[in-house]
Structures are given as structure tokens and as C-alpha cells.
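In: show me the folded form of this:
(2 chains)
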Amino acid sequence: MKVPVSWLSEYVPLPMPLADLAERLAVAAAEVERVTRRGVPDVEGNLGRFVVGKVVEAGRHPNADRLQLCRVDTGDPEPRQIVCGAWNFGAGATVAVATPGAILPDGRKLERAKLRGEVSDGMILAEDEVELGPDHGGIMLLDDALAAGTPVVDVLPIADHVLEIELTGNRPDLLSVYGLAREIAALYDLGLAPLPGADPPRVGDEPVPIEIDDPVGCPRYIGRLFRGCAIGPSPTWLRARLVASGMRPISNVVDVTNYVMLALGSPLHAFDHARLAGGRIGVRRARPGERIALDGNDRSSSRPTSLITDGERAVALAAIMGGLDSEVGDETVDVLLEAASFEPHGILASSERLGLRSEASNRWEKGVDPHLAGAAATLASELIVELAGGRFVGHGESCAELPARPVTTLRPARVDALVGTAIPPAEQAAILRRLGFEVDDARAPWRVTTPTWRARDVTREIDLVEEVARVHGLERVPFTLPARREMFGRLDQAQRLRRLVEDVLVGQGLYEAYTWTLVARDEDERALRLESPLTADHAILRTTLADGLVGAARHNVDAGNREIGLFEIARVYLPDADGGALPDERWHAGGIVEGGFSRAKGVVEAVLSALHVEASFPRASRPFLHPGKSAEVAVGAGAAGWVGELHPLRLDGGWGIFELDLATLFAGVPERRVYEDVVTFPAVRQDLAFVVAEEVAAGDLVASAREAAGPELAEIDVFDVYRGGQLEPGTKSVAFAVAFRSPERTLSDEDARVLRERIVAALAERHGATLRS
Amino acid sequence: MRVRYLGRNAELPQALRQVRDRETGMTLNALRQRLEQAVSDRQDALAAAELERRLREDVVDVTLPGRPAPRGRLHPITQIRREIEDVFLGLGYEIVDGREVETTYYNFTALNFPEWHPARSPLASLFIDDDTMLRTETSPAQIHTMESRQPPVFMVSLGRTYRRDTQDATHSPIFHQVEGLAVAPGLTLADLKGTLLYLMRALFGEERQVRFRTHYFPFTEPSLEPDVSCFLCDGAGCSVCRHSGWIEMGGSGMVDPNVFANVGYDPEQVSGFAFGLGLERIAMLRHGLPDIRLLWENDIRVLSQF
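Out: Residues are numbered from 1 along each chain as shown, chains lettered A, B, ... in the order given. Model prediction:
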């Protein structure tokens, strides 16, 4: 919302610097996004160079058909000669003049100049030249009652500031110049002007029939009839206020409705009375699919919208927009003014659905004080009579009972208990009274009555606590820390282990990636799908991290990066097995690395080792993996994930990739690790190499060796696989480093020999392995 | 030299072997020890000189890089996540990881969002069906926690949240929030102010100031927005703080009594405060990141900087 300071100061004195006001409003009431300057700079007597002038003579410029040569009385001893390009005035007109030396809004300094051979000792101003409006069609014509030489700034806001305010949804009472003035008056304890406007005398008694069939959506409707209006442009002062507030001037009657909305916060609408076919006003719910012509486009209304009708057809979408057929235009003579009260529910949804957000709907959807309709009708009536010369000839009103003002109890001690301050009760009462609350503080708890403009927002004791706290000053609340008797400051096991896994993966040389939860497709056909996704690429809740990681790796390849290794620890969303709506959300750790299967498996093994989890790697495949280089990661009886080499069609270059289910891994983490004596009795270390057929898996050899040798085989690690040389084709040599150790005694060479023989025999028998000498 | 004077056939050993009287023996032995010591000292000196010479010649270009070890990094959001977790662990809070797919009851209704609130619109949030959605903040975890036990509660939840925002330099439909909740007898707005001051100083430096502006959120009353004094210009005004000296940091307030009623807590017995901040915003401010999308591209040229 844009609020011109010149307008605001009509309702409340503003003795404080604007920066202070902006800060106080931001802290205590509503965010002030910025304060902007409008019009001419207020520097070094500049404002004094803009004065009211009386055109004494006006005639054609001797050397230019399109220019006028004028003599203008600006209060100086001699009239000034001024050359002017506009023709919408003549001798006798009252105009605004910038005299030489004046600095214009764009910073340009006006000089005495010769134009086509004639001296021009100043400039007669059009409204756009001082940022009062968009018009450059002619110069501004001022009230003839003004004396020559009067500073223009006394009658028009040619130098102004605008507060740009962002309101929160709970404060629609601030959505007007008067409402903001009321708040400033309360914050600074200043006097507030009475509501503007006084009803003009009614000069007729014509009926204005109003039928409300939707008292919930529209509890109140005031209709007023004005005959004999002359539609034309609004005066400069009104246009200037609309423009500075961010609205476009249209014509006097329409401008008056917008002006009153900005001034008081209650939107109005003006109908061309002659175009209301039935001559009456009705308010009812829309029928499904009913169509109405609004802004040239046919809009199909649907369920919850309220309509205004003329007794025969719909003429406006209540609270959102008036119809094209009945709007006030240049030929309008008789005006029906609507000052109503619409309830907020459904207005936001309707205006969004129809794509019609307006200044009016923005106010109605937040909730307008229903008591405001009368004041709005009064101010608008006064201005329509004054500016359009209309005769006020009819008044009709249909009103359900206006809502009662909420009455709340307040314990002053409760304020201090919740805020952590000691605000004297008398000060609390004074704050509430300044805000318009009635406070009965004869005994605690107090009875507090909310003013009509806060009735939707302040209905409970806690709401009053907020009012006292913010006006007393949030900056006056001290900084303390809670006193504690119970503490919860520790990570749970899963959180601690997740950090460990992150650290291990970083230690393995992987960068942590964050990829999107929402994906274009997923291997699980039952994966959850958004009802209405942002884009088709982000429609499905993933069940695997693999796609995101491949995408991230591809991005790095495309960027020309090298030695790419990435991991991600995030949720996947497995559809509920029992068909419930909420998925099983599981933390997964996934990674993608250059260096193929073995590098990926090495990373997985590092994670397993850090967690002290034993796993096996049975061969298993997935569609997006290299069929010969992929395995399941089996922990205990279950699958904890997979590791493999990415299928080259997904991303070329030999990428190792893995994904682990962390809960499954963590379930296998031993609760406590018990010391094993590896110090007292040293191990006997040997290297053993076996020749086996190509298809024999090293893992099977290890398993057989362990089974054959028993617990005294403390370690067995593959350190080399060799093919070729003297080996027969179709065979390979697998070399193991083994360590024999007993916790009870030092093993002798003989003990080691016996163990080795058992291994050799078992591998020969089960796998056809022969020991290489 | 050693062989010549101390060798098997040298003069001194010969003489020692022929010694008969104690006096001469002691003298000759002392002489032999002195000679042996002198030889040994000389050998050590020569060896030391030789080592010294070899080391002097064994020179490397110390400006060459070291042998590279694989090197990874935690994502900047994880780094900030851990930092905030550690601050609150130190303050005695627990970390609660809530669900990301939630019911509208936990995401909105229990948090006192009115039926007409714009966040409930499919234009603002991402829905799976009428009753199921991606959480718009991590606060639903607070409801689950309060439902599951009696006060006191001191918790923070950090994680992914979702809103229907089109991606641009400062918006992403997926982002990360930290939301915190404290509920105990006698907690005050002053406690909220002190807690957020502590957090802001931990994140942005001990000199930081925090101010609070009144605001509106459905789940808190009073509601406040915290601002931290600009850590770049120290309040003088710069482009980061939009020349205000203050940077907006999120939302906070005293827990609305309706929220307590929804979980069966008695607002006459306990009070509480809640707050929420965006992790991307903190990361962008701290690292001067110009575009939020950099945090989702996973370019190791970017990730390796943090």
C-alpha cells in the first residue's frame, strides 16, 4: 500500500522525522518497505519558485503557430512573459508557474530562455511536470479563488513523500490512509482528525430498492442515487492523491469511489443507474456456471461467489469487480453508489480462480469493518455532489444486525508473565484506550471492548497482550534465556550415525550434493505423485537417490570438472505397503564416483567399516546398472542397498554408484564394542595364492577359508588377482594375506601349518583351487 | 687408523697383552679407551657430516603441491544445519526429524491456520491429495512431539520444506527450514528474544544486535519477525541489508493458545515460544551467494569453496 505523507498528515500531525516514523511503524505495526520522494526537490527555497499565476494575456506566438505567448501575473510587480505549448486555457485562467531557477522532479533546472525569438520567463505547468499525474494534454487549471503568487505547495502536493507499506493479513484496519493515521495517533499519542466527510442534503426521496438473498456474504448494503451527474476529469488534488497512491485516475465519479476506498478502506462501486435494467439491487449467490461480462471477457462464476444483480441479470461480482454493462461511462447521468459490506470468506479463492485480483478484493478478502460502509457512503456522497454536480435524491439500505464488538477479559499481570516485563497497569490501560479499546479497569480481570475496526483480530486475552507489548515497545523487552530444569541436548543414535556417514563419505573424497526430492519419473510405479505439479519434471516423490546423483554427475561432466565424486543423504518416499496416504520416509545415503564398481564398493566398505557392520555382496542387478558389475549390499538377512557400475547408456565413463538404506545399516550397528586382545599373542601372517577357474568368486573362497580354519583365522584379505603368464586360459590366481591368531596362546609354526592345510584342502575340494607355490 | 693403532696386531693391544703389573695395565687401558673414544667420535662426526651433505643435496621444490588425497566437502547447507544443531544442543534442545509428507491437519489445522488462509491454497502449497501434502515448514514435528508427551519441550527441527514457488535467484520450491519450539512453565517473550540473540551471534558474530518487529503468523501470538544487524556494514547501510542496517531473518512468536489447545496442553500452566529460519538464506548471506540455484546444481567448483 502506498500512502502519500501529505494526505496522511491531513488526519494526524506528523511532527517526527519520516525515518523515525517508518522505523516505529515497522517495529510496532506494519513493515515500511521504503519511503520514496515524489515531485520537486524540497531544497534551497525551491518550493518557493513554484507559484500560482493569473494569465493576463494569451495569444499566438508571432513566430510559431503551435505556441502561445502569455503574460502571467505571479504576484511580482510586473507580469512575466511565458511561452507555452498548451491551448487548454486563455486569459483569466489560474495556473501553476515554475519561475527561473526552479528545479524540476527530474533534476533539471529551469532557466530564463528564448523560444522562437520570444523570452520565456518561466513555465506554466502540466501535472506530469511536477509528478502530480500522468497527463500532459494540457496545463493544470487551478481554483480561480487562489491569489497570484500563492506557493503552489500550499494547494497541491508538488513535493511529497510516499510510504510503501506491506501489511500483514491480520491488520486490514491499516489498509487505508485514515486507518494508518489512527494507528500513528495511537503509537505516538497524537490527536486524530474526525472521519472525513459530511452527508450532503438529500434533495429527493426516490426509492432505492435493495434485496439481499445472501445475508452471510453481504450483511449490509447501502445504495444511494445521484441524478444529473456531469462525468469528467477529477480535479488535480484528487488525481494527485490517486496517482501517488498507485491508482489510475479515470473519471470523477469512478475516482471518488477509489479515493474513498483509499481514504477509509471500504471499497465502493458506482453503477450507471440507467443501465440497471430492473432498476433495483439484489445480492445472491451465483448459480453454477453463470456467466457475467466484466472487463470485456466473459467470466464463468462458480460456487461460492456472491453476485450483485439489477433484478434481472448479474451486474457485478460482489467484492471483486463490477460488470462492463453497467459501469459508469462518459454518457452516464444518474449514478447508483454501492457502499456495502462483504464477508471475506471465499473472496480470495474466487478472485484467484477468476484471475481477478483488485484493490477492492484485496481489502474484502482480509475483512473490512462493516461499520465503515456508512462513513464511506457519506464521504463519497459529499464528493460526488461537489465534483460531479450530482443531486443526491435517494437512499436505500438493507442491513442485517451489525456484529457486536468483542468483549474480552485481561489480567494485567498476565501481560507481564508472558512478555517478561513489568508494565504498570495504568500504562497498559492507557495503551489500550489509545488504540480505541474501552477498558473497564475497576477490578481485575479487566473487561475490554474491542473497537469495530479490530473486531476480527482482537478477540482473546492473548490478542490484548500483543497490543500492549507492541505499543509499549518490543525493543523494551529484555533479552533473557529460559531457566531450565530438564535438558534434551543430545543427538539420537540415528542422527549421530548420519553425521558419521557424512564424514566418512567426505573422507572418501566425495562432495555432498543436494538434489531434488521431486523427479520426472521413478522406477517404482507406485511412487507418490503430486496432484498438480509445478512442472512435469517435478511431479513424483522419488524412491531412489540414483537419478538425482546421475543428474548431478552429468552437470559436473558438462561443466568440464574432473575427479567427480558426489554423495547425498536424504529421504526417499516409499509408498505405504498397506495403501495409506503417507509414505514410508527413509533416509538413504547414495553416491556416484568416477572409477567404476571397485571405487564405489570401496566407499561402501569404508562406510560399513566405520559403522562396524558386516555385509556381503551377492551378485544382483538393476536395470540402470552394468549387468556384470552390480551387487546387493546384504546385512544380516536383509538388503541394505546396492552397489554397481552405472549402465554406460545412463552416463558414459565408468561410474560407480551405490545407495544404502541407513535404518537397515544402523540396525546392524553393534550396541557396544568389546575389546579384543590382539596384543598379548601376536599373529602369524602369511600370503596364500590359489589358482581357480575364472568363474569362482573371491568371496566364496573367503567364506570357505573361514569355515575351514575357524576363529583362529583372524584376517583374510584379497590383495591381488592375476591372470595370464603361465596360468592356463580360463583360470586366475587369487592372492590372500592371512593372519592366524589365538586369544589364548602364541601360535607356533606348526599350528599355522595345520590351519593353512585345512584352508588349502577346503578350497581344493569345494572350488578346485590349487595352491601356488 | 683404527686397525693401525687398535687392531689385533697393533702396538698397543700387543703391549696390553704383555702387561704383567697392575699399574702399567691401568695406564695402557686408559690410553686404549681414549684412543677408541677418539676414533668413535671421529666416525660419528664423519657420519654426521655425510648425512648433512646428503640432506643438503636432497632438495625439493617446497612450493610444489602435496600428493593429493581424495578431498570432499559437506554441502554448505549441511554445514549450517550442523552449526545450528550444535547451538541448540548446547542450549539443551533435542533435534527432531519430522516427516516431509504430512497431513493438512498437522501442517495447517493443528498449527491454527484458519480455513481461509492463503497457504492452504494449491496455488501456494504442493498437495498429493486433498488431505496430504508436502510440509510447508518443519513445524508439524512440533505437533507430533507435543501430542506424544507432556511439557517441557525444547526442540528444533531442520529439514526440507516445500512451497509452490517458481524457481528464480531467491526462490526455490524446495528449501530448508529450521523451526524451534520451547514449552515450559513461565517462558516469556524475553526468553524468545534472548534465545534468538544467542543464535544470531553464534551464526553472524558476537557483535550482532537483534531487533524484533511485530508481525502475524497463525501459530503465534504475539508474532515477531527478528532482524539481525547487518554483519557486512555493521548497520551503516549496504546493498545486502538494502540500506536499512538490518537483515530479515525469519519468523517467531509466543505459541498461540489455540495450538496448545490442539495438543491438550493448558495455556494457563505452560507458555512457549517458536521460531523459524531459512537455511538457504543464511548460506547465501554468509557466503555471498548470488543465486539460490547454485545450492542445487552440485557443481564441485562451487562446493569445494565451502
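In: can you pull the contacts of B:Val87?
Out: B:Val87 is in contact with B:Tyr198, B:Leu199, B:Ala202, B:Leu203, counting by C-beta atoms under 8 Å, 6 or more residues apart in numbering or on different chains. Quick note: C-beta positions are derived from backbone N, CA and C, even for glycine.
In: at 7 Å instead, please
Out: Counting by C-beta atoms under 7 Å, 6 or more residues apart in numbering or on different chains, B:Val87 touches B:Leu199, B:Ala202.
In: next one, pLDDT for it please.
Out: B:Val87 carries a pLDDT value of 98.
In: what about A:Ala737, distance to chain B?
Out: From A:Ala737 over to chain B the distance is 24 Å, taken as C-beta to the nearest C-beta, to the nearest Å.
In: just give me the neighbour total for the nearest residue to A:Leu662 once chain neighbours are set aside.
Out: Among residues not flanking A:Leu662 along the chain, A:Trp587 sits closest, at 4.4 Å (C-beta to C-beta, 6 or more residues apart in numbering or on different chains). Look at A:Trp587: counted by other C-beta atoms under 10 Å in any protein chain shown, it has 20 neighbours.
In: contact partners for the residue of the stretch 401-550 of chain A found nearest chain B?
Out: Per C-beta to the nearest C-beta, the residue of the stretch 401-550 of chain A with the smallest distance to chain B is A:Gly509, at 2.2 Å. Shown in contact with A:Gly509 (C-beta under 7 Å, 6+ apart): A:Gly565, B:Pro70, B:Arg71, B:Gly72.
In: what's the helix or strand for A:Leu505?
Out: Assessed by DSSP states H and E, A:Leu505 sits inside helix A:493-507.
In: is B:Ala184 in contact with B:Gln150, as I believe?
Out: No: the criterion here is C-beta atoms under 7 Å, and B:Ala184 misses it with B:Gln150 at 10.7 Å.
In: more crowded one of these two?
Out: Between B:Ala184 and B:Gln150, B:Ala184 has the larger neighbour count (other C-beta under 10 Å), namely 20 against 11.
In: any idea how many residues pack against the nearest residue to the more buried one once chain neighbours are set aside?
Out: Excluding its sequence neighbours, the residue lying closest to B:Ala184 (C-beta to C-beta, 6+ apart) is B:Pro152, at 3.9 Å. Using other C-beta under 10 Å, B:Pro152 is surrounded by 20 other residues.
In: per-residue pLDDT, B:Pro152?
Out: pLDDT at B:Pro152 comes out at 97.
In: please apply the same query to B:Leu12.
Out: 81.
In: next, give phi and psi for it.
Out: Torsion angles at B:Leu12 (phi, psi; degrees, to the nearest 10) stand at phi -70, psi -50.
In: the closest residue to it other than its chain neighbours: which element?
Out: Take B:Leu12 and drop its neighbours on the chain: the residue closest to it by C-beta to C-beta, 6+ apart is B:Arg32, 5.8 Å away. Per DSSP H and E: B:Arg32 is located in helix B:22-57.
In: among the contacts of A:Gly509, show me the least confident.
Out: Lowest confidence among the contacts of A:Gly509: B:Pro70, with 81.
In: okay, now it: neighbour count?
Out: Counted with other C-beta under 10 Å, B:Pro70 comes out at 14.
In: and what of A:Val35?
Out: 15.
In: and what of the one 5 residues further on?
Out: One way to gauge burial is a neighbour count; for A:Val40, by other C-beta under 10 Å, it gives 26.
In: which phi and psi values does it adopt?
Out: Dihedral angles (degrees, to the nearest 10) for A:Val40: phi -90, psi 150.
In: what sits against it?
Out: So A:Val40 contacts A:Asn46, A:Phe50, A:Ile103, A:Leu104, A:Pro105, A:Val130, A:Ile158, A:Ala159 (C-beta under 7 Å, 6+ apart).
In: and the residue of the stretch 401-550 of chain A closest to chain B, helix, strand or coil?
Out: Here A:Gly509 is recorded as coil under DSSP: H, G, I helix; E, B strand; the rest coil.
In: and it, what's its pLDDT?
Out: pLDDT, A:Gly509: 95.
In: for A:Gly436, see how far away it is.
Out: As judged by C-beta to C-beta, to the nearest Å, A:Gly509 and A:Gly436 stand 66 Å apart.
In: before we move on, back to that, the residue nearest to B:Ala184 reaches A:Phe488, doesn't it?
Out: No: the pair B:Pro152 and A:Phe488 fails to qualify as a contact (C-beta under 7 Å) at a distance of 8.5 Å.
In: quick one: the residue nearest to A:Leu662 is in a helix?
Out: No: looking at A:Trp587 with three-state DSSP, it is strand, so not inside a helix.
In: say whether chain B is contacted by stretch A:351-358.
Out: Yes: residues of stretch A:351-358 contacting chain B under C-beta under 7 Å from any C-beta of the partner chain: A:Glu352.
In: what mean pLDDT would you report for that stretch?
Out: Per-residue scores along stretch A:351-358 average to 78.
In: swap in stretch A:749-762?
Out: Computed over stretch A:749-762, the average pLDDT equals 95.
In: ok, stretch A:86-94 next?
Out: In the prediction, stretch A:86-94 has an average pLDDT of 91.
In: before we move on, back to that, phi and psi next, for the residue nearest to the residue of the stretch 401-550 of chain A closest to chain B when sequence neighbours are not counted.
Out: Nearest residue to A:Gly509, sequence neighbours excluded (C-beta to C-beta, 6+ apart): B:Pro70, at 2.2 Å. Note on B:Pro70: backbone dihedrals following degrees, to the nearest 10 are phi -60, psi 140.
In: check A:Tyr11 too.
Out: Given degrees, to the nearest 10, the pair of backbone angles that A:Tyr11 has is phi -110, psi -20.
In: please consider this matter closed, and thank you.
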